[in-house]
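> Quick one, structure for this:
(4 chains)
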Amino acid sequence: MVPVSYYLILGGILFACGVAGFLIKRNLITIFMSIELMLNGVNLSFVAFAAQWQALSGQVFVFFVMVVAAAEAAVGLAIIIAVYRTRETLNVDQVNLLKL
Amino acid sequence: MLSIETFVAISLIKTVIALFVLLTAVAYTVWLERKVVGHMQNRWGPTRVGPFGLLQPLADGVKFMFKEDLIPPHVYKPLYIAAPMLAVVFALTSIAVIPVGNSISIGGIQTSLQITDVNIGLLIILGVTSLGVYGVALAGWSSNSKYSLLGGLRASAQMVSYEIALGLSLVGVLILSGSFSLREIVDAQSGTYLGFIPRWNIFPQFIAFFIYLMAAYAETNRIPFDLPEAETELVAGYHTEYSAMKFAMFFMAEYANMITVACVASLLFLGGWHGPLFGPPLLQALLPLFWFGLRIFGFLFVYIWIRGTLPRFRYDQLMAFGWKFLLPLAIANLVVTAFVVAIRS
Amino acid sequence: MTRNLHLWLIPVLPLIGAAVNGLFGKRFSRQTVVAIALLFSGAAFAMALWVASQFSSLQTPHIETFAAWLRAGDFHADFAFFLDQLSLVMLLVVTGVGFLIHIYSVGYMWEEGGFYRFFAYLNLFMFFMLTLVLASNYLLMFIGWEGVGLASYLLIGFWFTKDSAASAGKKAFIVNRIGDFGFLIALFLMIQHFGSLDFVQVAQQVMPMSPEIGAAGLLTAIGLLLMVGAAGKSAQIPLYVWLPDAMEGPTPVSALIHAATMVTAGVYMVSRSHVIFEHAPIAMMVVAIIGTLTALFAATIGVCQTDVKKVLAYSTVSQLGYMFIGCGVGAFSAGIFHLMTHAFFKGLLFLAAGSVIHAVGGEQDMRKMGGLRTKIPWTFWTMTAGTFAIAGFPPLAGFFSKDAILWKAYSSPYGNWVYWAIGVFTAFLTSFYMFRQWFLTFFGEYRGEEHLDDGHGHGGHGHGGIHESPAVMLAPLVILAVLSVCGGWIGSERFDKFLAPVFHSQTASSTAEGPSMPAEPRKEDSTETLFTGISVSAALLGFLLAWQLYHRRPELPQRIAASLGGFYQAVVHKYYVDEIYATVFVKPLIDGSTKLLWHGVDRDIIDAAVDDSADGAREVSDAVRHMQSGNIRSYAGWVAAGAAVVIFYMVWMGTR
Amino acid sequence: MLHLILFLAFGVVCVAGAVNLLVQRHPINSALSLVVVMGSLAAEYLLLGAEFVAAVQVIVYAGAVMVLFVFVIMLLNAGEEERTKGSRVAMIFGIPGMLVGSLLITWVLLEHSGTQSVAVGALPGPPKTLGWLLFHDYLLPFEVTSVLVLIAIIGAVVLAAPPESARRKD
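I've put the predicted structure just below:
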């Protein structure tokens, strides 16, 4: 028997790691992965809450999050490719101008 | 309910048996391929080691093990070493959920001919095979060679693309049987149509079977979709820089994947282990295994046959085939199947 | 109530004409425009005649409600039309005279640009005027009231490229606004105290109230405010100044709007509100005094005017003063009677004046006319009829109505001999300046210079020399002349009886009004005859004086003027009223607006606030924009910090 | 007990993977760490009984999304991360903000929820039931997400397609 809060805290840690990654990483792709990490943390808390409240809706929402994450990954990676094509770098600190 | 100890013991025994059978099968698939292709090309294939060259796989194994393990300079070492292991691990994992026959009882303990029976077995196979791409992709990238990198890129794009068609082709079967459990899918195929046609999914799902066949060939990087290792253009593709046991691991992974695919095809489309049962009880117990093995053999033979027959696709043709032909076809098949099932129920 | 007369058709018909002409008229030929305008105004007239023919069978007042308009709490105002004897008279006058003037305008305006625009405005005016007349509550009446103001503004400024016309339009509009302001406050008071603006309901609520004799109260306030509105619309002291300037508009407009119909709206409104006024003797007195003063004042100015239209304009102001005397002494029916006859003869006079102007090619100065009698005989004879009518010669229309008012001014319980005396003096002045005009225009030698010689003087109607107007203009003149002659034969007694249901039935039931009304019909015939004689002789005196001064010895006026000196100058300059207004009201207002409101409030406070906030925003942005570094990780840092704050706040709120 | 051990084991792997993602400087290592995180999360889902979610997690996340990441890393041949000092704000406000937020959330979670425990497979999510939910109760969101995915596909194609000028040269 594991308290639900453990799962929630695990999810929280993953989310915090994602935020931290977003803040400290310089590589666009890694930053993007940090976002995925955050989403995964949220997904875990969804499933944990679903177990706590005995409601399958929580799991259904995980699917939606996954679909959105997949769509986001497709578009995001396409954007990264486009950025790399014009800037020849993946370092966000050097991608700080709106113009090309 | 079994005690934990018995459960672990039985599982271990089953795992060991399955691994042994699988690895042997892998080895002899290689032998079979060389033999069959040789005959197709009007030559003999292996003949020297043992009768009909039957010990050739053993000799190969010994050779791989004792060859010098070269690690080229400028490779990214951790992944260079991990990649073949990943490949072989994922290839061997999926065997865990494949049932090879009904339950048997030995010494009063009822156990199924399957390492573990989970109700989402098919999904696990799909998941594990989808992870298999990492081995190939990482090998290609970590070798720090343009041939390998191109091979890895091709492999990852190809496998991700064809995985969609593969998954969708299976959904038709899933709709018919209403379960993810491989055992239940097989059980749903027992009996006959009109008294003499076996109730196999291949008959109502012929298109799905075709799609599955094509997609599976692409997933296992076999001719005519062996672009990642196209030796005429990429030397040896993603495993150009590998030698000795690491190379052997990729080899094993490829053949193990072939066998997995053959197993899934047999289970999903060809009725699994169902077949005529006769003779004494022991024979009755073993016959399903035989029927199952026969189907796998037939499937592997087709693999080899096609390898000996068809030329390789161009890469853009491969992608176009996957996205513009197989995927729409799979979706159409899925829609029609769902519609028919909905009408019937 | 029993029958549906479809009264809404009467105002809506001209509206359709206005819409068609206004929206599409630019592409129509002149003939089409005329056809549309005449069709719809004529249809309205025909409809009014039909209604009049049905009138005897109606139960009065006849109210037709078409739709609910405003609802706010208990208060509600409907789209409802109200037909009784009073509105029937107005209806006939408006549609009839309006239709005639439409016809006249066809000839008068034929050469002008913006032809379609003129008729669209004219039809629009008809719509609003009919709405005003037919409205069953003060609010709908107010809509018509404002609408005719709008149409008046548009038509005065019809030649908007001319500066004086444009500013005359503005002046009319602004002066009218002052009056409307009073009217509006009166409406607010009514809403507050009676909870309704419906004529019937207001009357029912006022009836039981005791008259505010010797004390000013609510009804007096309402009455005075209504009078302010009426003074604005009907050009009474002190708001009459716009009307003479309004002569900048085309002459048919002056005839229709600024003589026959719109300016009488104030009289109509006061008559319509007679219940309120009868309960507020002070208000009545104010009405009478204003009317008297205006009549006299305007008449004296009229004596010295040289512009043919200006004379008529001041005459109109003066005659409106008569109507208010009538209303102010409680003789509403006499006022309305004079309104009707005035519509005939003043419309006629204006149209005839227009015809004269037309004939001499746009010249309006009487000093440059003369001897036109033989050249434009039709115009001469019709104008003669109008002049004799307004001067009050029996048996023409003006005699009867003016006489009725003067008699009532003396004999009515509200009356006073002073009103009568001034009225008679004004009648003398009226007769004098009208015949002055008559003599100056039609007799003597032609004093215009070059016009006879060259035909191009007035490009528009320049077929050489002085010429009679076309038949399309003369026909309305003749009809109106006939009406001016015969219009009075109805007799004020019969007219009074006809309107009695409106003015007496309600008051008769009122106990407060008891003693005066039944006692009133008892009058000494001899006294009345005497009074009639006096006023007729006043008119005759005016005629003789004018004849003497302007026909026999034309050099005399100059000398008289010279001997009068300052007073004459004052009269010529209209007593400097415009200048006084400019100094007393307009200039302080402009200065105040400029210095205080524009420079002080607008520039230093409002604009400054806007500018300073813009500057402040720019400075703040300047400071804050460094947050927008373009660095994604910085943005993420802000988001994280903000999220922390939000979480903290939520936790804090949650645990408190 | 076994439950707790498994939870902790996979949890530790999870957190280790997440931390490794942060620490590693090469994107491909980060990507693989993330795959590990996702794999162990799938195991956690299994512990909670969400078997279908676990399988989808592996197939979609680990097997497709992360493969895409790896693919892009390979395609762009992304090198080691440079340690540039691009943003002081992220360090001055972001990290403390993140820490404060995390601590607050942790505190709230510990204080106000989760005293109850869940058993192994607490809420089984069989595919059939989930499918019923998805296609009945959540049909509209489902369709909306399908539109979203369609848009994403089109967007990805448009964005990643070589620019007009490059294509014309071919």
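> count of residues packed around whatever residue of the stretch 201-350 of chain C ends up closest to chain D?
In the stretch 201-350 of chain C, the residue that lies nearest chain D is C:Q201 (56.1 Å; Cβ to the nearest Cβ). C-beta coordinates here come from the backbone N, C-alpha and C atoms, glycine included. Here the count is done by other Cβ atoms under 10 Å in any protein chain shown, and C:Q201 has 14 residues near it.
> what do you get for C:S57?
With neighbours defined by other Cβ under 10 Å, the count for C:S57 comes to 8.
> residue contacts, D:C14?
Listed by Cβ atoms under 8 Å, 6 or more residues apart in numbering or on different chains, the contact partners of D:C14 are A:L10, A:L14, D:V36, D:V37, D:S40, D:L41, D:E44.
> could those be laid out in JSON lines, adding distance to C:Y108?
Output for the contacts of D:C14, formatted as JSON lines (distance: Cβ to Cβ, whole Å):
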{"residue": "A:L10", "distance to C:Y108": "96"}
{"residue": "A:L14", "distance to C:Y108": "91"}
{"residue": "D:V36", "distance to C:Y108": "99"}
{"residue": "D:V37", "distance to C:Y108": "94"}
{"residue": "D:S40", "distance to C:Y108": "99"}
{"residue": "D:L41", "distance to C:Y108": "94"}
{"residue": "D:E44", "distance to C:Y108": "97"}
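> so is C:S164 in a helix, a strand, or just coil?
Here C:S164 is helix, with the state taken from DSSP: H, G, I helix; E, B strand; the rest coil.
> mind listing what it touches?
C:D245, C:E248.
> mind listing the helices in chain D by residue range?
Shown for chain D, the helices assigned by DSSP state H span residues D:2-23, D:27-48, D:51-56, D:66-76, D:88-89, D:95-112, D:127-132, D:139-160, D:164-169.
> With chain A instead?
So, for chain A - with DSSP H - the helices run A:4-24, A:28-53, A:57-87.
> So what's the gap between the first one and the chain middle?
Right, helix A:4-24. 10 Å (Cα atoms, centre = their mean, to the nearest Å).
> Is any residue of that helix near chain D?
Yes. Legend: contact between helix A:4-24 and chain D by Cβ under 8 Å from any Cβ of the partner chain is shown at A:4-10, A:12-21, A:23-24.
> Next secondary structure after the helix or strand where B:A253 lies?
Under the criterion of DSSP states H and E, B:A253 resides in helix B:244-269. Using DSSP H and E, the helix or strand that follows helix B:244-269 towards the C-terminus is helix B:281-309.
> in that following helix, what's buried?
B:A285, B:L287, B:P288, B:W291, B:F292, B:R295, B:I296, B:F299, B:L300, B:Y303, B:I304, B:R307 (16 or more other Cβ atoms under 10 Å in any protein chain shown).
> tell me the mean pLDDT for it?
Helix B:281-309 carries an average pLDDT of 84.
> likewise stretch B:69-80?
Taken as a whole, stretch B:69-80 has an average pLDDT of 84.
> What count of nearby residues applies to the one residue in chain C that gets nearest to chain B?
Nearest residue of chain C to chain B, counting by Cβ to the nearest Cβ: C:I632, 26.4 Å away. When neighbours are counted by other Cβ under 10 Å, C:I632 registers 19.
> Now do the same contact list for the closest residue to it other than its chain neighbours.
Leaving aside its sequence neighbours, C:I632 sits nearest to A:V92 (Cβ to Cβ, 6 or more residues apart in numbering or on different chains; 4.8 Å). By Cβ under 8 Å, 6+ apart, the contact set of A:V92 is A:R26, A:N27, A:L28, A:I31, C:N631, C:I632, C:R633, D:G86.
> measure the residue in chain D that chain B sits nearest to to B:V37 for me?
Across chain D, no residue is closer to chain B than D:G63, which sits at 2.9 Å (Cβ to the nearest Cβ). Separation of D:G63 from B:V37 (Cβ to Cβ, to the nearest Å): 32 Å.
> So which elements touch the helix or strand of chain A with the lowest mean pLDDT?
Every helix and strand in chain A was compared by mean pLDDT, DSSP states H and E; the lowest is strand A:2-3, with a mean of 78. Using 3 or more Cβ pairs under 8 Å, 6 or more residues apart in numbering or on different chains; DSSP states H and E, the elements in contact with strand A:2-3 are helix D:2-23, strand D:117-118.
> any chance of these in TSV, plus mean pLDDT and distance to C:F344?
Converted to TSV, the helices and strands packed on strand A:2-3 look like this (pLDDT from 0 to 100; distance: least, Cβ to Cβ, whole Å):
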stretch	mean pLDDT	distance to C:F344
helix D:2-23	87	101
strand D:117-118	71	102
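> Fine, thanks again, bye for now.
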